Structure formats: structure tokens, C-alpha cells
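Student: Curious how this folds, go ahead:
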Amino acid sequence: MISDIISLESLLLKQFQEEPFHNLYLLYGKNPLGGRYGGTCSDKTLSFIDIARSFGFNVALHTAYIGGKEIHRLVRVTIENRIFFADVGNGWPSVRLYPSDEEICFTCFGIKFRTELSENRILIYQIRNDYEFLQLEIDPVARHEKDIIDSIAKRFNSGIIYPFGNTLRFSLIVEDRFLFLRDDTLEIYENGSAIVIKKIKQENLCQILKEEFNFNTVSLFKYLEKINGY
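Tutor: Numbering: from 1, shown residues only. Coordinates of the predicted model:
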């Protein structure tokens, strides 16, 4: 079991390094490209499931609650009759599997995650900049995967209001740093410390993503029908 957990968490870390979390498809009103271009929780989760299944892992779609609303997607993992959850669609570096039967705590780039088991729910807390908050709640009872897929298919026109609203989000692990661009503010987490750069000009978005995130946006922005500017 331990080797399977290590292998799956290695795949999880790799996706946080290669497939960014972003809401560009939502902002531009376009269908996701999938794969290495990343996206929101649904896009990243579907991509990870394909990868994990190709390695023989028993994984399935699952949902979670943010602010009491069932609007988040993640991966349900079964390893030797134990249930875990991979929150690969998180905008923050949630790089460990969450057990359904054990509380855990870990830190990544100075950002702390911890779980609590309470009333048939798995509560995920995040501590960042000395502030702790409830990030999401997981009901471990499995749902029919088709129901989740149907919800994903209509997520952009169902009237759901997502936490990131209508402002830009883009995050990625880049070498030994975690970067998160939120609207006009770039947050850089490295060696347990945080650097905040404000008043980022979004008309230079392509250049920012290339220089800071080392992410080639040419194909993505051609698809979004804008090469220069945001």
C-alpha cells in the first residue's frame, strides 16, 4: 500500500508542476482543451483520472463542498480497500492524498493543510499567512460518476457561482516555488516565506505566464482567440 500511495502522490505532484489551475476558459466562455493546458477543478481532475487509470490505479470522480455548496471535484482513490481523496483540482498545492479514515497534516511551500474527521465528513483546513480557514468538506460516500460528469458538462451555464467569480486565477508549482496569480496580485511561496507583488498588468498576461510561470501560452491563447492581452 505504501508504495502505491507514494507512486500516486508522485503523479499528483507532477500534475501540480505541469498542468496549471486557471479559470481562463470560464472567463473567455470557451470549452476546455484538456490535458496539459490545465483549467479549473473539473478539468484537472478529469485529466488526472486518465493518467492514474493508465497506471492501473482504481480511481473515480468525486465531489466536495465549498462554502456549503457541492461545487468542487476531486478524485476518489481505492487502495487495498482503503479510501483516499486526491484534490488535484485545488488551486493551492494539495499534494498529498487525504485518507477517509485518518487525520493528517502536511506543509507545502509554507502552506499548511490538515484534516479533521467529523460527522461523516472529511474537513480540509488550510493555514496560510498565519490564518486558518475551512477550505472544503468531503462526503466520503460515493456518487454515481455519470451524475458528476453531467454536472461538469453544464458547469459554465448552470448558474453556479464559483469562489473565483469573474477575476483571473492562475497557479502552478514552478521548480522550487509555488506561484498564484489572483486578479492583479502575484503571490510567490518559497522556502516557507511569501512574496506578494501587486498591480500586475493583465494586458501583459502572456508575458507574465511565460516569464514567471515558465508556461508557454501561445497555443492556449490562439484557442482563446486573443494572443496579446487579456
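Student: Run a quick neighbour tally on Thr115.
Tutor: Neighbourhood size, Thr115 [other C-beta atoms under 10 Å]: 20. C-betas here are computed from N, CA, C, even on glycine.
Student: Name the residues that touch the helix or strand harbouring it?
Tutor: Assigned by DSSP states H and E, Thr115 belongs to strand 111-118. By C-beta atoms under 8 Å, 6 or more residues apart in numbering, the surrounding residues in contact with strand 111-118 are 92-94, 96, 98-99, 101-107, 122-128, 135, 178, 189.
Student: which sections of this protein are below the confidence cut-off?
Tutor: Within the chain, the stretches with pLDDT under 70 are 156-165, 225-230.
Student: again, 80 this time
Tutor: For the chain, applying pLDDT under 80 flags the ranges 1-2, 34-35, 154-166, 192, 202-203, 218, 225-230.
Student: Of all the strand elements in it, which one is longest?
Tutor: In the chain, with assignment by DSSP state E, the single longest strand is strand 69-79.
Student: picking up where we left off before, now the strand holding Thr115, how far from the centre of its chain.
Tutor: 16 Å (C-alpha atoms, centre = their mean, to the nearest Å).
Student: Pull up the pairing partners for the next helix or strand after that strand, direction included.
Tutor: Using DSSP H and E, the helix or strand that follows strand 111-118 in sequence is strand 121-128. The pairing partners recorded for strand 121-128 under DSSP bridges are strand 111-118 (antiparallel), strand 131-138 (antiparallel).
Student: secondary structure class for the closest residue to His72 other than its chain neighbours?
Tutor: Nearest residue to His72, sequence neighbours excluded (C-beta to C-beta, 6 or more residues apart in numbering): Ala64, at 4.2 Å. Put simply, Ala64 is strand when judged by DSSP: H, G, I helix; E, B strand; the rest coil.
Student: Can I get the strand holding Thr115 as CSV, trimmed to CA atoms?
Tutor: Extracted C-alpha coordinates of strand 111-118, given in CSV (Å, rounded to 0.1, in the frame of the first residue of the first chain):
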residue,chain,number,x,y,z
ILE,A,111,1.2,26.4,3.2
LYS,A,112,-0.3,24.0,5.7
PHE,A,113,-3.1,21.6,5.1
ARG,A,114,-4.8,19.5,7.8
THR,A,115,-7.8,17.3,8.0
GLU,A,116,-10.5,16.5,10.6
LEU,A,117,-12.9,13.6,10.6
SER,A,118,-16.3,14.9,11.8
